[in-house]
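Participant: Compute the structure for the input listed below.
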Amino acid sequence: MPAVLLLPTGKALTVRTAADAFLASLTNPNTVRNYGIALGKTAEHLGEGRPLAAVGDDEVGGALELLWGSSAVNTWNARRGAVLSWTSWCTERGYDGPAVPAWAKRIAPPDSDTPVRSKLAIDRLIARRDVHLREKTLWRMLYETCARSEEILDVNIEELDLAGRRCPVKAKGAQPKVRRRGATRADYVLETVFWDAGTARLLPRLLKGRTCGPVFVTHRRPGPGKILSARDVCPDTGLARLSYGQARALLDQHTAHAGTGTGWDLHEYRHSSLTHLGERGASELMLMAKSRHKKVENVRRYFKPSAEAIADVTALLAPGDARR
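Facilitator: Here you go, the predicted model:
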């Protein structure tokens with residue numbers, strides 16, 4: 001049973017003590033790491049040894065503005081959110097302390113600058129003779145499922161429903177079914193993605209009789225010093241699961257136009273497929289169902305119709321019979 005941390009009350013509670021107690025209450029190591037950055041710098045700026053009750057709201061807002069006022073919008077929102085969670089946690093437990101002032105507002109994130117590739121460009125890339133079958137299948141699957149790259153790369157053969165052209169994936173932010181450490185993939189609520197004829201034609205050729213293990217694997221076996229889970233290794237070939245970094249480098253290799261790092265990004269397939277569906281008349285609800293977004297505004301950030309599509313829809317406003 002973990003030890004219970006007894007905190008002093010009122011003005012005896014210092015900024016550093018309150019920050020450490022809040023971080024100790026968190027269970028997710030990624031959250032602890034990210035929040036620790038924000039709270040560590042904020043506490044240092046406010047004065048770690050000061051009584052928490054002596055800190056004013058405007059001082060907290062001033063610290064945020066000074067530390068991250070010129071940062072990217074997502075960085076500002078993340079750091080502000082961490083400090084807000086900390087001050088709210090202290091208030092809920094009855095500790096005297098400041099709050100994030102109203103003028104230190106959360107900023108609406110800008111539209112994504114991820115480019116949208118045309119369907120013709122995607123088809124031509126996948127049809128190239130110098131592209132390996134593995135990459136062809138991955139890129140086509142990403143495009144037809146509108147899924148995130150990590151979701152598709154994490155899929156195993158035994159999870160595929162080839163006849164139904166679908167499979168379950170562990171989505172971003174998936175909620176665990178039970179609260180316990182060392183949860184496996186099956187312990188999370190999975191979501192289903194669907195593909196069509198393009199992927200259906202390529203998958204059987206890629207698998208070549210393999211019945212279990214990762215769908216997308218490397219071309220060489222992992223070195224003796226690399227430790228992998230049984231799920232990430234093909235039992236038939238001994239090849240390891242293809243990583244996101246490797247997949248990204250392969251796409252860049254085939255699309256770079258001015259040296260390494262100037263090619264396409266894997267996430268562009270998701271943006272492109274959602275945009276193409278929207279241009280073909282898919283409703284917001286269908287786009288949300290396909291992409292599995294929970295908020296409409298997130299789907300709208302992905303929808304970037306081309307100039308040609310906007311010109312076509314504008315033609316509907318032409319006077320009289322537009323066919324003349």
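
Participant: what mean pLDDT would you report for stretch 50-62?
Facilitator: Stretch 50-62 shows a mean pLDDT of 94 in the predicted model.

Participant: How about residues contacting it?
Facilitator: Applying Cβ atoms under 8 Å, 6 or more residues apart in numbering, the contact partners of stretch 50-62 are 10-15, 17-18, 42, 46-47, 83, 87, 90, 95-101, 103-104. The C-beta positions use only the backbone N, C-alpha and C, and glycine is treated the same way.

Participant: now, which of these lie within helices?
Facilitator: The subset of those located in helices under the criterion DSSP state H comprises Val15, Thr17, Ala18, Thr42, Leu46, Val83, Thr87, Cys90.

Participant: neighbours around Arg50, how many?
Facilitator: Using other Cβ atoms under 10 Å, the number of residues around Arg50 comes to 15.

Participant: separation between it and Asp58?
Facilitator: Summarising the geometry, the distance separating Arg50 from Asp58, computed by Cβ to Cβ, to the nearest Å, is 15 Å.

Participant: And Arg301, by the same measure?
Facilitator: In this structure, Arg301 and Asp58 are 33 Å apart, going by Cβ to Cβ.

Participant: Name the residue in the two with the higher neighbour count.
Facilitator: Relative neighbour count places Arg301 above the other of Arg301 and Asp58, with 16 against 13, counting by other Cβ under 10 Å.

Participant: buried set for the helix or strand of the chain with the lowest mean pLDDT?
Facilitator: Every helix and strand in the chain was compared by mean pLDDT, DSSP states H and E; the lowest is helix 296-302, with a mean of 83. For helix 296-302, the buried set under the neighbour-count rule, 16 or more other Cβ atoms under 10 Å, comprises Val299, Arg301, Tyr302.

Participant: and what of stretch 219-236?
Facilitator: For stretch 219-236, burial by neighbour count (16+ other Cβ under 10 Å) applies to Asp232, Val233, Cys234.

Participant: quick one: it to chain centroid distance?
Facilitator: Stretch 219-236 sits 25 Å away from the centroid of its parent chain (Cα atoms, centre = their mean, to the nearest Å).

Participant: Can you show me the CA trace of that stretch as PDB?
Facilitator: Backbone C-alpha positions of stretch 219-236 (Å, rounded to 0.1, in the frame of the first residue of the first chain) are rendered in PDB as follows:
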ATOM      1  CA  HIS A 219      13.100  -6.900 -44.000                       C
ATOM      2  CA  ARG A 220      15.800  -7.900 -41.500                       C
ATOM      3  CA  ARG A 221      15.700  -9.700 -38.100                       C
ATOM      4  CA  PRO A 222      16.300  -7.500 -35.000                       C
ATOM      5  CA  GLY A 223      19.800  -7.600 -33.500                       C
ATOM      6  CA  PRO A 224      20.600  -9.700 -30.500                       C
ATOM      7  CA  GLY A 225      20.500  -6.700 -28.100                       C
ATOM      8  CA  LYS A 226      17.000  -5.600 -29.100                       C
ATOM      9  CA  ILE A 227      14.300  -6.800 -26.700                       C
ATOM     10  CA  LEU A 228      10.800  -7.100 -28.200                       C
ATOM     11  CA  SER A 229       7.500  -8.500 -27.000                       C
ATOM     12  CA  ALA A 230       6.200 -11.700 -28.500                       C
ATOM     13  CA  ARG A 231       3.400  -9.700 -30.200                       C
ATOM     14  CA  ASP A 232       5.900  -7.600 -32.100                       C
ATOM     15  CA  VAL A 233       7.800 -10.400 -33.700                       C
ATOM     16  CA  CYS A 234       6.500 -12.700 -36.600                       C
ATOM     17  CA  PRO A 235       6.800 -16.300 -35.300                       C
ATOM     18  CA  ASP A 236       7.200 -17.700 -38.800                       C
END
